[in-house]
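**Student:** Coordinates for the following, if possible.
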Amino acid sequence: AYNCLIHFYKRPAMLIPRLHPILQRSPSFLPVRQFCAPPPPYMITTPIFYVNSSPHIGHLYSCLLADAHCRYTRLTRTNSENLIFSTGTDEHGLKVQQAAVREGVEPGQLVGEVSQKFRTLFNLCGVEYTDFVRTSSEQHKEVVREVWDKLEREGGLYKAEYGGWYSVQEEAFVPETQVEKKDGRHFSLETGQQLEWAKEVNWMFRLSKYREELLSWHTESHPVWPPQFRGQVLSWLADTDMSDLSVSRPSSRLHWGVPVPRDSEQTIYVWVDALASYLTVSRYPNMVTWPPTVQVLGKDILKFHSIYWPAILMCLGLHLPTKLLVHSHWTVDQVKMSKSIGNVVDPNTLVDKYTVDGTRYFLLREGVPHSDGNFSESYMVQLLNVELADTLGNLLNRSTSKGVNRTQTIPPFPSPHDFSSPTYIDLVSQLGDLNHRVGSLYNSFNFYQGIVQIMAVVRLTNQLVQEQQPWTLKREEDQPRLEWVLSITLETLRIAGILLQPVVPGLAGRLLDKLSVEEREWDRAVLGRRRRKGASTLLEGKTVLYSKI
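**Tutor:** Numbers count the residues shown, from 1 in each chain. Sure thing, here's the model as predicted:
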């Protein structure tokens, strides 16, 4: 640690993250420990998912993005106590009320059943959330009332007659500038949803008061990622005639929600109710952890999270989220996923057919934040067979089979035997900083690019094995070369296993178990960073990483 600190002034930006694990593990009597502050609290949220229908792959993808990022963050920290990962279900609103009527059940029964479907799916797929918020819970409703009272005390609310074009689907009024008329009916330009005229007395939030402050936040802090979504936010804020926001509905029309405090004739607008769920996680008004480090959301709810939500936080006097990670949607065979078309993909079916590992891998490998991902079942089968079963699985089988690795041991790396080849040199070079490259991509939610880089190294290792043909090295004089090949192959697999943990924790766990790897932290995914306690032997028995479909 002291040797690192001598050069600290030269490359501080690179050394700070690399020094932190070293300093944390240094003896307490060393003075460097006093300069090593614990990592800041980490809070990641997904949207809370609307319960008017069962979960689909888009819902699961949102959760997997957050889960993989949280898992990556946990692997990079020596102390993971201050990590919060929240998800949940949005259970109030007109759509839920209408769905309950159609099905002939009470809203409470409907939301309970559908909410459990989300929770069961996330648990099945290994989503390690710390908090699951239900907006119908008493704890959350109390937070909503606290938020409302604070907004009212701060002068952020007033009551007025409000009229406009209303989207039942989005449960929101649409500005006149975003309305088009076709065949005597009115539609939203943004979503294409049919609108109906509504005029009623509502509570209003002074959204227009915060336009300039919102504009400054977006232009100076750039919270929206990827950057391509920022232009849309700035275009919304460019409207100098920004309207205030209707934040209640008449109870005669909407009764399934949180009543406005001291006004039984009004119900709090579902989006105010839903956005307050993030504060429920932080135990508002006590605020255990705040602000969110990252808030994951779909592009269809960007306006609510980039305009309405921060304005409410400004009125409450709370810090704003550090990052809003926006992801795109999923098509099915290049067609928009829709209940009316009947092409909605049930993730439970995918898990049944292709396992949890296969489903997680495909969605994180093919989903990209900046553009719509496409689901193709035939391509999913092809990808899983080629990359998990063949490229990764066969490499493990080749290097651990008793026909090749007769002693069932793991030779040390670097190998004491002085062999080389162009492929070997290239492989060692790519492995040199692989954990930093992949870590940077994971941290920016580009999991697909991180996976591509890992698999490229695994393919290159397969190429080396094919060139060296270790199954032919059976004579006594061939043993040094065999050990050399097995050394780099098993070291590559160890590093790949550590780096794949956020994406496919089950498969990665089996791989690392086979290699008897105990230390699985992110900073161990470096050539030669395996800590050895005596001889390293492979786990007995055959390990199947992924069965070919």
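**Student:** where do the helices sit along the stretch 101-250 of the chain?
**Tutor:** Here the stretch 101-250 of the chain has its helices, by DSSP state H, counting those that start in this stretch, at 107-124, 138-153, 211-221, 230-237.
**Student:** Report the buried residues of the longest one.
**Tutor:** Of the residues in helix 107-124, 107, 110, 111, 112, 114, 115, 117, 118, 119, 121, 122 count as buried by neighbour count, 16 or more other Cβ atoms under 10 Å. All C-beta atoms are positioned from the backbone trio N, CA, C, and that covers glycine.
**Student:** re earlier: for the helices of the stretch 101-250 of the chain, give me CSV that also has mean pLDDT and distance to residue 194.
**Tutor:** Shown next, in CSV, are those (pLDDT from 0 to 100; distance: least, Cβ to Cβ, whole Å):
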stretch, mean pLDDT, distance to residue 194
helix 107-124, 95, 24
helix 138-153, 97, 29
helix 211-221, 97, 29
helix 230-237, 95, 22
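**Student:** Show me the one of those that comes nearest residue 546.
**Tutor:** Closest of the helices of the stretch 101-250 of the chain to residue 546 is helix 107-124, at 17.6 Å (criterion: Cβ to Cβ).
**Student:** Return that closest one as PDB; C-alpha atoms alone will do.
**Tutor:** Extracted in PDB, the C-alpha atoms of helix 107-124 (Å, rounded to 0.1, in the frame of the first residue of the first chain):
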ATOM      1  CA  PRO A 107     -59.300  -4.500  -6.400                       C
ATOM      2  CA  GLY A 108     -57.500  -5.700  -3.300                       C
ATOM      3  CA  GLN A 109     -57.800  -9.300  -4.300                       C
ATOM      4  CA  LEU A 110     -56.700  -8.600  -7.900                       C
ATOM      5  CA  VAL A 111     -53.600  -6.600  -6.900                       C
ATOM      6  CA  GLY A 112     -52.600  -9.200  -4.300                       C
ATOM      7  CA  GLU A 113     -52.700 -12.000  -6.900                       C
ATOM      8  CA  VAL A 114     -50.800 -10.100  -9.600                       C
ATOM      9  CA  SER A 115     -48.200  -8.600  -7.300                       C
ATOM     10  CA  GLN A 116     -47.400 -12.100  -6.100                       C
ATOM     11  CA  LYS A 117     -46.800 -13.100  -9.700                       C
ATOM     12  CA  PHE A 118     -44.100 -10.400 -10.000                       C
ATOM     13  CA  ARG A 119     -42.500 -11.300  -6.800                       C
ATOM     14  CA  THR A 120     -42.500 -15.100  -7.600                       C
ATOM     15  CA  LEU A 121     -40.900 -14.400 -11.000                       C
ATOM     16  CA  PHE A 122     -38.200 -12.100  -9.600                       C
ATOM     17  CA  ASN A 123     -37.400 -14.700  -6.900                       C
ATOM     18  CA  LEU A 124     -37.300 -17.500  -9.500                       C
END
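**Student:** so how far is it off the chain centroid?
**Tutor:** Here helix 107-124 is found 20 Å from its chain centre; the criterion is Cα atoms, centre = their mean, to the nearest Å.
**Student:** Touching it from outside, list them.
**Tutor:** 49, 51-55, 59-60, 63, 87, 89, 91, 96-97, 99-100, 103, 129, 132, 134, 136, 256, 347-348, 351, 356 (Cβ atoms under 8 Å, 6 or more residues apart in numbering).
**Student:** I'd assumed residue 344 was in a strand, is it?
**Tutor:** No - with DSSP: H, G, I helix; E, B strand; the rest coil as the criterion, residue 344 is located in coil rather than a strand.
**Student:** wouldn't it be in contact with residue 335 here?
**Tutor:** No - here residue 344 does not reach residue 335: they are 11.3 Å apart, not a contact under Cβ atoms under 8 Å.
**Student:** Which of those two has more residues huddled nearby?
**Tutor:** Between residue 344 and residue 335, counted using other Cβ atoms under 10 Å, the more crowded position is residue 344 (17 against 11).
**Student:** From residue 544, how far out is residue 203?
**Tutor:** Distance, residue 203 to residue 544, by Cβ to Cβ, to the nearest Å: 59 Å.
**Student:** returning to that earlier point: the contacts of helix 107-124 in helices, which ones?
**Tutor:** Taking DSSP state H as the definition of helices, the contacts of helix 107-124 contribute 59, 60, 63, 96, 97, 99, 100, 103, 347, 348, 351, 356.
**Student:** top of those residues by neighbour count?
**Tutor:** The most crowded member of these, judged by other Cβ under 10 Å, is residue 60 (28 neighbours).
**Student:** That one reaches residue 125, doesn't it?
**Tutor:** Yes - contact criterion Cβ under 8 Å: residue 60 and residue 125 qualify, at 6.3 Å.
**Student:** which residues are common contacts for those two?
**Tutor:** What both residue 60 and residue 125 touch, as defined by Cβ under 8 Å, 6+ apart, is the set 347, 359.
**Student:** if we can go back for a sec, with distance to residue 181 as extra columns, can I get the buried residues of helix 107-124 in TSV?
**Tutor:** Output for the buried residues of helix 107-124, formatted as TSV (distance: Cβ to Cβ, whole Å):
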residue	distance to residue 181
107	34
110	35
111	35
112	41
114	35
115	38
117	39
118	37
119	42
121	40
122	42
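**Student:** just to revisit the earlier point, who's more crowded, residue 203 and residue 544?
**Tutor:** Neighbour count, other Cβ under 10 Å: between residue 203 and residue 544, residue 203 has more, with 24 against 12.
**Student:** residues contacting that one?
**Tutor:** Residue 203 neighbours (Cβ under 8 Å, 6+ apart): 157, 158, 159, 246, 247, 248, 260, 263, 266.
**Student:** and the last one, how many neighbours?
**Tutor:** Residue 266: 23 surrounding residues under other Cβ under 10 Å.
**Student:** That one falls within a strand, correct?
**Tutor:** Yes - looking at residue 266 with three-state DSSP, it is inside a strand.
**Student:** Assess the claim that it and residue 255 are in contact.
**Tutor:** No - using Cβ under 8 Å as the test, residue 266 is too far from residue 255 to be in contact (10.7 Å).
**Student:** how far away is the residue lying closest to residue 190 once chain neighbours are set aside from residue 243?
**Tutor:** Leaving out its chain neighbours, the residue that sits closest to residue 190 by Cβ to Cβ, 6 or more residues apart in numbering is residue 178, at 5.7 Å. Separation of residue 178 from residue 243 (Cβ to Cβ): 11 Å.
**Student:** Check residue 407 too.
**Tutor:** Distance, residue 407 to residue 243, using Cβ to Cβ: 75 Å.
**Student:** could I get stretch 327-346 in CSV with only the CA atoms?
**Tutor:** In CSV, the C-alpha atoms belonging to stretch 327-346 read as follows (Å, rounded to 0.1, in the frame of the first residue of the first chain):
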residue,chain,number,x,y,z
HIS,A,327,-33.8,1.5,-21.3
SER,A,328,-35.7,0.8,-24.5
HIS,A,329,-38.4,-1.8,-25.1
TRP,A,330,-38.6,-5.3,-26.6
THR,A,331,-40.0,-6.4,-29.9
VAL,A,332,-40.9,-10.0,-30.8
ASP,A,333,-39.5,-11.1,-34.2
GLN,A,334,-39.2,-7.3,-35.0
VAL,A,335,-42.9,-6.7,-34.1
LYS,A,336,-44.0,-4.5,-31.2
MET,A,337,-45.0,-6.7,-28.2
SER,A,338,-48.7,-6.2,-27.6
LYS,A,339,-51.5,-8.0,-25.8
SER,A,340,-53.8,-7.2,-28.7
ILE,A,341,-51.5,-8.9,-31.2
GLY,A,342,-51.0,-11.8,-28.8
ASN,A,343,-47.2,-11.9,-28.9
VAL,A,344,-46.4,-11.0,-25.3
VAL,A,345,-43.6,-13.3,-24.1
ASP,A,346,-44.1,-14.9,-20.7
